[in-house]
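K.L.:
Below: sequence and its predicted model.
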Amino acid sequence: MWIEKYRPQTFEQIQGQEKIVERIKSMTEKKNLPHLLFAGPPGTGKTSIALVTAKTLYGDSWRQNILETNASMDRGINVVREDIKNFARTKPVGNAPFKICILDEADALTRDAQQALRRTMETYSGVCRFCLIANYSSKIIEPIQSRCTIFRFKPLVKKDIEKIIKYMAEKENLKIGRNIPEILYEISGGDVRRVQNILESCAVMNKNITENLVYEIVSEAKPKEIKEILQHSVKGDFLKARDKLLDTMLRHGLSGIDTLKQLQREIWALEISDEQKLEMTKQCGEIEFRMVEGSDEFLQLEALLASFVNC
Amino acid sequence: MLTHKYTPKSTKQIIGRDQEIKKLLQCIQQKKPVIIYGPTGVGKTCSVHAISREKDYEILETNASDLRNKEQIESRIGHSSKQASLFAKEKIILVDELDGINKKDFGGLAALNKLIDESAHSIVLTTNDVWDSKFKELRKKCELIEFQKLGYLELFNILKEIIKAENFKISDSTLKMLARKCNGDTRSAINDLELIIHGGEAEAIDYRERVESIFNTLRMIFKGKEIKATLGMVDSIEENLDELLLWLDENLPREYAGETLAKAYDNLSLADVYRGRIRRRQYYRYLVYQKLLMTLGVAFAKKEKQSTFTNYKRSTRPLKIWLANRKNAQRKALAQEISEQTHMSGRKVMNEMPYMRFLEK
């Protein structure tokens, strides 16, 4: 799988997050790490940096000095109180300065499990450092945040995504169309994992990566199609807008929420006033809320399109 | 880790808490059970350890990382509380992180209640929130000592001592900014300090920029109407959106008036609705709408860009609310006791008994 094949193995290989990499690298070289909390959107390098840190610190025997857990494992309070505590209190192997306990997807830990972690982090900080990884730092309780140094990861910028695509294209012998990096960047929103998965899926079908191929693989409509729907509805041509909507959704197998997300994104590319864009986005929010509360998705989308005339 | 290195090892090293430490020491010496409560990072646990080191007590600690059901409490703590110490020292039994007791610790609180009556040694409990109804019985039996957040100047002094000991130079203004940002959480402040010491001058400057950028963000929102730049700024500030909401709320009336103010507040209140929805449903997609409404919703409320200078102030609402909550919590606890005697619900007592308003400790 390409996401594992191309996972960075050293600090130099990590794209994006330059400031964070610099700091962690320097702390690793000095063999002095605090407890870490990596927070940010998916696919931005959080787990990769944690693993690179472990490999740099411990060399080949890195697996012996870390405990890696994630949301697919049992991490109830019992596990925290027993297994994790036992790992934390035993000395590191070899002449490592300390062990590392990586708690991936830490925002899936219940409040109680996090409470149980507090004192363990403190008492055994001499022999064990904790690295928590989360999408939303607000899901981590305050006492844990207080004990960690928080690093906020941002989505990667277009330049970095382009570099990664170029590298993979060379290694895997892909032919990348000229506007593909831009398209992939837009679709992924700066999520490297998504880009790699899309490229891999495309490459299975054809090593020549074209726009059509990409949109076939991801279940997304082309921006052109979404724009058309929006333009019809803003003008007041409701029937045309609705027909195009149904057509697009069926062709790409889109769900109501997926369609809504795309509509909401494309609003900002239309040629209308900023105030109008904001009003239309507010409408999207209201409709999304109605969808989440449980309702007929298509009806909600129709209401949305009809409302755009008033914005 | 600096937090480890500079954890107070004697009561002299604990700053800004002379009254509380004196009271705590008294309780320990007189073997009166005591609950220490307060927000995170204010020194509850380490004070007990410092006292035990200084006065040569033996300390037995349990915390949220231990199973604390009836069995465990009786066997571990119960046992120890009745025995004399192996080393013929006085003992402190520290039950740390009381609010970490949950459903798995079945029967733990009840066992603890019993134990307090029978213990031959001093018992100290710590918790973040002491007014939770499940601690009602405990509150009756124990002295309550509150550890409040340190003021930013006290925190500043602590940090200054540390950098002196670490032989590191940071400007006073950066230190003060650090102290303010950490909001009374000493541990967090020392962690931030460690990061700056590691990274040197560049890190210190970077830190300032991150904290100062809240002002730049406010300026962009209130004065300008640029979409991309404004959204970009919001992504880069360290403060989370909740804090930004408070800053916007506090400073909106300084910037806008009349219809513009109404429009802006409407969007801000709608942003808050989405925030509530995220909380309740954990559906983080709403973050997109919350962000847009807070930033562009407020920015576009005005007709034209502005260029006047405004001095932005931090919101004082959280502090006022926190103070009010404390008073309220004490009143609630009192109402509970009255309600038991008068066969009424606690809420009725609060609302209907007229003199409840005047009962304040």
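P.N.:
Here it is on my side, so go on.
K.L.:
make it CA atoms for all contacts and neighbour counts henceforth
P.N.:
Will do.
K.L.:
if I look at whichever residue of the stretch 51-200 of chain B sits closest to chain A, how far off is A:M205?
P.N.:
Residue nearest to chain A within the stretch 51-200 of chain B: B:S65 (4.0 Å; Cα to the nearest Cα). Remark: distance between B:S65 and A:M205 (Cα to Cα, to the nearest Å) = 51 Å.
K.L.:
for B:K32, same thing?
P.N.:
For B:K32 relative to A:M205 (Cα to Cα), the value is 76 Å.
K.L.:
now swap in B:I59 and tell me
P.N.:
Applying Cα to Cα to B:I59 and A:M205 gives a distance of 67 Å.
K.L.:
Which of those two has more residues huddled nearby?
P.N.:
B:I59 (20 against 11; other Cα atoms under 10 Å in any protein chain shown).
K.L.:
wait, does the strand or helix carrying that one contact chain A?
P.N.:
Using DSSP states H and E, B:I59 falls within strand B:58-62. No: figure legend: strand B:58-62 not in contact with chain A (Cα under 8 Å from any Cα of the partner chain); closest approach 9.4 Å.
K.L.:
Now that strand: buried residues?
P.N.:
By neighbour count with 16 or more other Cα atoms under 10 Å in any protein chain shown, strand B:58-62 contains the buried residues B:E58, B:I59, B:E61, B:T62.
K.L.:
strand partners of that strand, parallel vs antiparallel please.
P.N.:
strand B:91-95 (parallel) (DSSP bridges).
K.L.:
following the partner strand, which helix or strand comes up?
P.N.:
helix B:108-118.
K.L.:
check contacts around residue 252.
P.N.:
Picked chain A for this. Applying Cα atoms under 8 Å, 6 or more residues apart in numbering or on different chains, one finds that A:H252 lies in contact with A:E216, A:S219, A:E220, A:A221.
K.L.:
Not quite, go with chain B.
P.N.:
B:L261, B:A264, B:Y265.
K.L.:
Span of stretch B:10-24 from start to end?
P.N.:
End-to-end for stretch B:10-24, by Cα to Cα: 14 Å.
K.L.:
which bits of the stretch 101-250 of chain A sit near chain B?
P.N.:
Residues of the stretch 101-250 of chain A lying near chain B by Cα under 8 Å from any Cα: A:112, A:115-120, A:125-126, A:142-143, A:146-149.
K.L.:
same thing but at 6 Å, please
P.N.:
Residues of the stretch 101-250 of chain A found near chain B (Cα under 6 Å from any Cα of the partner chain) are A:Q115, A:A116, A:P143, A:S146.
K.L.:
now the helix or strand that contains A:I49, how far from the chain's geometric center?
P.N.:
Following DSSP H and E, one finds A:I49 within helix A:46-58. Centre-to-centre, helix A:46-58 and its host chain are 18 Å apart (Cα atoms, centre = their mean, to the nearest Å).
K.L.:
neighbouring contacts of that helix?
P.N.:
Applying Cα atoms under 6 Å, 6 or more residues apart in numbering or on different chains, the contact partners of helix A:46-58 are A:Q9, A:T10, A:W62.
K.L.:
What subset of these is buried?
P.N.:
A:Q9, A:W62.
K.L.:
from the contacts of helix A:46-58, which has minimum pLDDT?
P.N.:
Across the contacts of helix A:46-58, the bottom pLDDT score, 87, is held by A:W62.
K.L.:
which parts of stretch A:303-311 are buried?
P.N.:
Counting neighbours by 16+ other Cα under 10 Å, one finds that the buried residues in stretch A:303-311 are A:L304, A:L305, A:A306, A:S307, A:F308, A:V309.
K.L.:
which one of the residues you listed sits closest to B:K134?
P.N.:
Using Cα to Cα, A:L304 comes nearest to B:K134 of these, at 48.0 Å.
K.L.:
who touches B:S269 in this structure?
P.N.:
Per Cα under 6 Å, 6+ apart, neighbours of B:S269: none.
K.L.:
distance of it from chain A?
P.N.:
B:S269 sits at a distance of 13 Å from chain A (criterion: Cα to the nearest Cα, to the nearest Å).
K.L.:
Likewise for B:T230?
P.N.:
Counting by Cα to the nearest Cα, the gap from B:T230 to chain A is 13 Å.
K.L.:
Now for that residue, how many residues are close by?
P.N.:
Under the neighbour criterion other Cα under 10 Å, B:T230 is assigned a count of 21.
K.L.:
Which residue, neighbours along the chain excluded, lies closest to it?
P.N.:
If the residues on either side of it in the chain are set aside, B:T230 comes closest to B:M220, at 6.0 Å by Cα to Cα, 6 or more residues apart in numbering or on different chains.
K.L.:
where's that neighbour, which helix or strand?
P.N.:
Assessed by DSSP H and E, B:M220 sits inside helix B:186-223.
K.L.:
So what's the gap between that helix and the chain middle?
P.N.:
For helix B:186-223, the distance to the chain centre is 20 Å (Cα atoms, centre = their mean).
K.L.:
Mind splitting chain A into its structural domains?
P.N.:
Split into domains by automatic domain parsing, chain A comes to A:2-152, A:158-217, A:223-310.
K.L.:
For the stretch 51-200 of chain B, what lies in contact range of chain A?
P.N.:
Selection of the stretch 51-200 of chain B residues close to chain A by Cα under 6 Å from any Cα yields B:A64, B:S65, B:D66, B:G100, B:S188.
K.L.:
who are the neighbours in contact with the second one?
P.N.:
Right, B:S65. Counted by Cα under 6 Å, 6+ apart, B:S65 has contacts A:R81, A:A116.
K.L.:
What values do phi and psi take at it?
P.N.:
phi -80, psi 0 (degrees, to the nearest 10).
K.L.:
What separation do you get for it and B:A333?
P.N.:
From B:S65 to B:A333 the distance is 29 Å (Cα to Cα).
K.L.:
How about A:K91?
P.N.:
In terms of Cα to Cα, A:K91 sits 46 Å off from B:A333.
K.L.:
Most neighbours among the contacts of B:L252, please name it.
P.N.:
Most surrounded of those: other Cα under 10 Å gives B:A264, at 27 neighbours.
K.L.:
neighbours around A:V157, how many?
P.N.:
Other residues close to A:V157 by other Cα under 10 Å number 15.
K.L.:
Now it. Nearest residue, chain neighbours left out?
P.N.:
Per Cα to Cα, 6+ apart, closest to A:V157 is A:G190, 6.2 Å.
K.L.:
Could you do B:W131 as well?
P.N.:
B:A329 (6.3 Å).
K.L.:
And the one residue in the stretch 201-311 of chain A that gets nearest to chain B, how far from B:S188?
P.N.:
Chain B sits closest to A:G285 of the stretch 201-311 of chain A, with a gap of 6.2 Å, by Cα to the nearest Cα. Using Cα to Cα, A:G285 is found at 36 Å from B:S188.
K.L.:
Looking at these two, which is more packed in?
P.N.:
B:S188 (26 against 22).
K.L.:
Which residue is the nearest non-sequential neighbour of the more buried one?
P.N.:
Spatial nearest neighbour of B:S188, excluding adjacent residues (Cα to Cα, 6+ apart): A:S146 at 4.8 Å.
K.L.:
Would you reformat the domains of chain A as TSV and include distance to B:F135?
P.N.:
Below are these laid out as TSV (distance: least, Cα to Cα, whole Å):
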stretch	distance to B:F135
domain A:2-152	17
domain A:158-217	46
domain A:223-310	37
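K.L.:
coming back round to it: what's the distance between the host helix or strand of the residue of the stretch 201-311 of chain A closest to chain B and the middle of its chain?
P.N.:
Taking DSSP H and E as the definition, one finds A:G285 inside helix A:274-292. Distance, stretch centre to chain centre, for helix A:274-292: 24 Å (Cα atoms, centre = their mean).
K.L.:
Averaged pLDDT, it. What do you get?
P.N.:
Here the average pLDDT along helix A:274-292 is 92.
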